[in-house]
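> fold the following, please.
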Amino acid sequence: MRNFEDPFKKVKVIREVRDLISVCINEFWAGIDVDYDQLVLDADQMLSIMTYVITQTDFCDLPCHLKLIEEFSSSEL
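The predicted structure follows:
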C-alpha cells in the first residue's frame, strides 16, 4: 500500500479487497453442501476482517487520507 500515494487509489484498493473477501468465501465453500444464507457476512464481521487486513498492510496514513477525501471531495465522487 505504500506504493499508492493517491488517497483515492488507496480507497479503491480497500473496496477491491472487500469484494475479494466475498469471492474467496464463495470459492472456499463451492461444492460443499452448505446453507448459503449462513455464509453472509454481517457488518461486524466485515469490520473485523477489514480492520485486520488494514492493520496488516501498515496503512499508517489512512486516517489522514480519509479525512482529506471527506473534506475536499464532493458527493459526486
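> what's the burial count for Leu39?
Counted with other C-beta atoms under 10 Å, residues neighbouring Leu39 total 12. From N, CA and C alone the C-beta is placed, and that goes for glycine too.
> repeat for Gln56
Look at Gln56: counted by other C-beta under 10 Å, it has 9 neighbours.
> and what of Tyr36?
Tyr36 has 9 nearby residues by other C-beta under 10 Å.
> count of neighbours near the nearest residue to it once chain neighbours are set aside?
For Tyr36, the nearest residue in space outside its immediate sequence neighbours is Trp29; the separation is 7.6 Å by C-beta to C-beta, 6 or more residues apart in numbering. The criterion is other C-beta under 10 Å. On that basis, Trp29 has 13 neighbouring residues.
> which residues of the protein score low on pLDDT?
Where the chain drops to pLDDT under 70, the residues are 1-5, 59-60, 74-77.
> mind doing that once more with 50?
Residues of the chain meeting the criterion pLDDT under 50: none.
> check the gap between Ile25 and Leu41 for me.
Separation of Ile25 from Leu41 (C-beta to C-beta, to the nearest Å): 7 Å.
> in three-state terms, label the residue sitting furthest away from the middle of the chain for me.
If you look at how far each residue of the chain sits from its centre, by C-alpha atoms, centre = their mean, the farthest one is Asp33, at 27.6 Å. Local secondary structure at Asp33 is given as coil here, using DSSP: H, G, I helix; E, B strand; the rest coil.
> wait, the residue nearest to Tyr36 sits on Leu39?
Yes: when contacts are counted by C-beta atoms under 8 Å, Trp29 is listed as touching Leu39 (6.0 Å).
> what's the following helix or strand after the longest helix along the chain?
Taking residue count as the measure and DSSP state H as the definition, the longest helix of the chain comes out as helix 7-29. Stepping forward along the backbone from helix 7-29, the first helix or strand reached (DSSP states H and E) is helix 43-56.
> and that next one, what does it pack against?
In terms of contact count using 3 or more C-beta pairs under 8 Å, 6 or more residues apart in numbering; DSSP states H and E, helix 43-56 is assigned the packing partners helix 7-29.
> angle of the helix it packs on against helix 43-56?
Direction vectors for helix 7-29 and helix 43-56, defined by axes from the mean of the first three to the mean of the last three C-alpha atoms, to 10 degrees, enclose an angle of 120 degrees.
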